[in-house]
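Q: Generate coordinates for the sequence data below:
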Amino acid sequence: MPAPAEPLARVLATVWRDQGRIGFLLPASDGVEIRQVEDPISAVPFRFRWLPHRELRGNLAELEARGIVSADRGDTELFRDRRDPPGRFCFLCARNIRACNPKEELVPLRLAGQDYYAGANFAWIAEGHFTVMSAEHRDQEFTDRTLAAMLDLHAQAGGEYRVIYNAPHAGATIPWHLHLQTSKEPFPVEDLPEGFEDRYPTALRRFSGGPGPALDFVADWGRRNPAHHRVNVLVAGPPASPTIHVFPRDTRRSHAAAKGLMGGFEVCGDFVYSEAGRRADFEAASAELARSILEEIRPADSA
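A: Numbers count the residues shown, from 1 in each chain. Prediction:
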């Protein structure tokens, strides 16, 4: 699999622009709103996003009409993981994407010795929101190889793209295929001052200087309760010295009442709303609400 000849950040920026131009990215013209609230305790500028275009994800007829999903995809020929209860085809297998999403441009990547593809997320949350999926259909597990791929992606993109890993039952809705998320926009948690980890509303540890300590922490967290302990992970910061943010999660606390499913964007302080029934929660945006949302998913035994 050949790597991009141009610098990766430039390639991704070009693909993002072109995918918007041809109509693969859902348009932002339908009432996108952003509200930022400063938390006096952590000094983090939490962000609330109102993104109604994301509701089109579940409107198959509209996606077909826009050419985002092919009406001639031939569902019976697509690969399915037998463990997926609804029997859906895998949305992250390149062969399926080529059959179902003809407008989607896949960027081949070689990350930490493994093959991946990057595809712009048509129901985007932020600028530069790509899904980076393993070329091999394998489980969404956080291992040393996963973190190595995250660090390599961040480095190859010159630190311009933040990289997120979501665990199953902690934001990842496709547990059968390893994938990462990217964003060009800084996350609120990146403004957390050094030494303020205990002031952040949910459990957080930050590591720099290499992957070893972060991997040790993740392994210890998993051993304490293998059935329920998972992590969300963010890699961000200067390409030469990135910070690895590890958010311990408990699958029994996967949702917050005022938000719903909590994934990597949310634990990083970016609260995404799109459903009409959630408009009141978005309207109530405040530092107090942000803290209560994050505190609700804080694992009971994370101290």
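
Q: And the helices in the protein, which stretches?
A: 8-21, 60-65, 94-100, 144-156, 212-224, 264-267, 279-283, 287-296 (DSSP state H).

Q: contacting residues around the longest one?
A: When contacts are taken as C-beta atoms under 8 Å, 6 or more residues apart in numbering, the neighbours of helix 8-21 outside the stretch itself are 4, 6, 25, 103-105, 107, 109, 118, 120, 122, 127-128, 130, 153, 156-158, 160-161, 182, 184. For glycine as for every other residue, the C-beta is placed from the backbone atoms N, C-alpha and C.

Q: Give me the buried subset of those residues.
A: Buried members of the contacts of helix 8-21, scored by 16 or more other C-beta atoms under 10 Å, are 4, 25, 103-105, 107, 109, 118, 120, 122, 128, 130, 153, 156-157, 160-161, 182, 184.

Q: Point out the ones among the residues you listed that are inside strands.
A: Counting by DSSP state E, the part of the buried ones among the contacts of helix 8-21 found in strands is Val107, Leu109, Ala118, Ala120, Phe130, Thr182.

Q: what's the distance between Val218 and Pro186?
A: 24 Å (C-beta to C-beta, to the nearest Å).

Q: neighbour-wise, which of those two wins?
A: Val218 (25 against 16; other C-beta atoms under 10 Å).

Q: That one reaches His245, doesn't it?
A: No. Taking contacts as C-beta atoms under 8 Å, Val218 lies outside contact range of His245: 11.8 Å.

Q: between the two, what contacts are shared?
A: Common neighbours of Val218 and His245 (C-beta under 8 Å, 6+ apart) are Val233.

Q: who touches stretch 281-299?
A: 33, 35, 37-41, 46, 48, 50, 200-203, 229, 248-250, 253-259, 262, 266-267, 269, 271, 273.

Q: any idea how far Pro27 is from Glu55?
A: Glu55 is 13 Å from Pro27, by C-beta to C-beta.

Q: wait, I meant Asp250
A: 37 Å.

Q: Also Leu106?
A: 22 Å.

Q: what do you get for Val218?
A: Taking C-beta to C-beta, one finds Val218 at 38 Å from Pro27.

Q: got the phi/psi numbers for Ser241?
A: phi -150, psi 70 (degrees, to the nearest 10).

Q: Hmm, Phe207 and it touching each other?
A: No. Applying C-beta under 8 Å, one finds Ser241 not in contact with Phe207, separated by 11.2 Å.

Q: Counting neighbours, go ahead and name the busier of these two.
A: Phe207 (18 against 10).

Q: Across the sheet, point out what pairs with that one.
A: Ile244 (DSSP bridges).

Q: how close does it sit to Asp18?
A: 36 Å.

Q: Residue nearest the middle of the chain, spatially speaking?
A: Gln181 (3.8 Å; C-alpha atoms, centre = their mean).

Q: If you tally nearby residues, what's the number for the residue nearest to that residue when sequence neighbours are not counted?
A: Distances taken as C-beta to C-beta, 6 or more residues apart in numbering place Ile164 nearest to Gln181, at 4.3 Å, with adjacent residues excluded. The number of residues packed near Ile164 is 25, by other C-beta under 10 Å.

Q: Ile164 against Val233, yeah?
A: Yes. Look at Ile164 against Val233 with C-beta under 8 Å: they come within range, at 7.1 Å.

Q: Which residues are in contact with each of the two?
A: Gly264.

Q: So, low pLDDT: which residues of the stretch 1-150 of the chain?
A: 1-5, 29-30 (pLDDT under 70).

Q: what about the nearest residue to Leu51 once chain neighbours are set aside, neighbour count?
A: Distances taken as C-beta to C-beta, 6+ apart put Ser274 closest to Leu51, at 5.0 Å, once the chain neighbours are dropped. Neighbour count for Ser274, taken as other C-beta under 10 Å: 19.

Q: Same check on Pro242?
A: 23.

Q: so of the helices of the chain, which one's packed in deepest?
A: Highest mean neighbour count of the helices of the chain: helix 264-267, a mean of 26 (counted as mean count of other C-beta atoms under 10 Å).

Q: Good, we can wrap up now.
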